[in-house]
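[1] pasting a predicted model and its sequence here:
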Amino acid sequence: MSDITLSSAVRQNLLSMQSTATMMASTQNRLATGKRVNSALDNPTNFFTASSLNSRGADLSRLQDSVGNSIQTIEAADNGIKAITKLVESAQGTARQALQAAKGEITSAKAMGASVEADSADAMVKSLNEASQMSFDIDGTATTVDLDGTESMNEIANKISEVEGLTATVQDDGNGKFSIDVEASDDIKTFQVSGDGATALGLTGENNATLNVDSATRDSLESEFNDLLEQINQLTNDASFNGNNFLDGDNLKVIFNETGSSSLTIKGVDTSAEGLGLSEAGEGSFQFNSAIEDTLKTLDQATITLRSNASTFGSNLSIVQARKDFTDNMINTLESGAANLTLADTNEEGANLLALQTRQSLSTTALSMASQADRAVLSLF
């Protein structure tokens, strides 16, 4: 091509057409990609700055998946707490129903107490002074009453009354017969009296006082209560999401930025029956009002614990959701910033292409006119 000689006018038009073609190719590329900076050759500063912004946005976007999972895990825990709270409330209702249920029929002949008699008060005191002690077995717990030095029947009754759950009174039938009646409180299921003091007063063998107050209704409610505790344990195990269970003591660290310097550790709790301080009702325990009342106290405390846990998880959920929203907005800001540095104005580029096409047409016309001047020399021959 270097051997071909072009006139100045033709060469000038050729260079103009080549320049126009180059600009048209560049403009068409911008329109095709939608970017005015496609490589570092276009604009090194904008290209690398936008690349850095896009990279950070992509890193944050990947973190959003784990943040979203943590939100779902918290919501699973919150759902579990709500369900467990309902079970605890059901257990409270069961216990209150048992407390209000009537006790069973008393079947023992001496169910309400042990009565001992003597011909006179002095004779009874003398008999007791010959003894050393009297023992009461109350629901399997033995308590000893020391009778040494007792001087009157009232002193004997007072000593027996010091035994928790028992009340002793001195009775005089007006016909020279005296007795000490021993009665048990409503919460005592069985009591027996023994010892040489009891022997001296004829309170051994078949005369031992035994209370039988089992209630079938209370037994049934006791079983229902224990079933509810088992359901609490099962629900606690089921309140997991993606392998994490905040109600079974699992902890989870949620990372909010690409360097890991911003994070939140969500601590799990134990909402099982044992973790809430609830224990299975022992066999026959619902026969006693005091045991039921103690159970209700633990249920009240469990409710307070669950409400506190729900509040803590709610606070954690607010924090994580706020950080998720912030990160979403941050990603949008980064991507918008990168776009501002690299994206092309399609309206402008479209106008440029139209202008270049017009210029190309004009250049073609000008080249044709320049070549006509060169062909004029042919008319000389």
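    Arrived safely, thanks for sending.
[2] how would you label Glu183: helix, strand or coil?
    strand (DSSP: H, G, I helix; E, B strand; the rest coil).
[3] who's it bridged to?
    Here Glu183 sits in beta bridges with Thr167, going by DSSP bridges.
[4] and the pLDDT at it?
    Glu183 is assigned 75 on the pLDDT scale.
[5] swap in Ala118?
    51.
[6] so which residues of the stretch 151-300 of the chain form strands?
    Along the stretch 151-300 of the chain, the stretches classed as strands by DSSP state E, counting those that start in this stretch are 166-172, 178-184, 191-194, 252-255, 263-266.
[7] right, so of those, which gets closest to Ile71?
    Of all those, strand 252-255 sits nearest to Ile71, with 8.9 Å by C-beta to C-beta. No exception for glycine: its C-beta is placed from N, CA and C like everyone else's.
[8] for that closest one, which strands pair with it and how are they oriented?
    Here, using DSSP bridges, strand 252-255 pairs with strand 263-266 (antiparallel).
[9] let me see the mean pLDDT of the strand it pairs with.
    90.
[10] before we move on, the earlier item: now render the strands of the stretch 151-300 of the chain as a markdown table, adding mean neighbour count and distance to Ala338.
    Converted to a markdown table, the strands of the stretch 151-300 of the chain look like this (neighbours: other C-beta atoms under 10 Å; distance: least, C-beta to C-beta, whole Å):
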| stretch | mean neighbour count | distance to Ala338 |
| --- | --- | --- |
| strand 166-172 | 16 | 86 |
| strand 178-184 | 20 | 85 |
| strand 191-194 | 21 | 85 |
| strand 252-255 | 18 | 23 |
| strand 263-266 | 14 | 26 |
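[11] closest one to Phe288 among the ones you listed?
    So among the strands of the stretch 151-300 of the chain, strand 178-184 is nearest, using C-beta to C-beta, at 11.5 Å.
[12] what is that closest one packed up against?
    strand 114-118, helix 121-129, helix 153-161, strand 166-172 (3 or more C-beta pairs under 8 Å, 6 or more residues apart in numbering; DSSP states H and E).
[13] what's the angle between it and strand 166-172?
    Orientation of strand 178-184 against strand 166-172 (axes from the mean of the first three to the mean of the last three C-alpha atoms, to 10 degrees) gives an angle of 160 degrees.
[14] helix, strand or coil for Gly314?
    helix.
[15] that one reaches Asp78, doesn't it?
    Yes - between Gly314 and Asp78 there is a contact at 7.1 Å, judged by C-beta atoms under 8 Å.
[16] between the two, which one's more packed in?
    Asp78 (19 against 13; other C-beta atoms under 10 Å).
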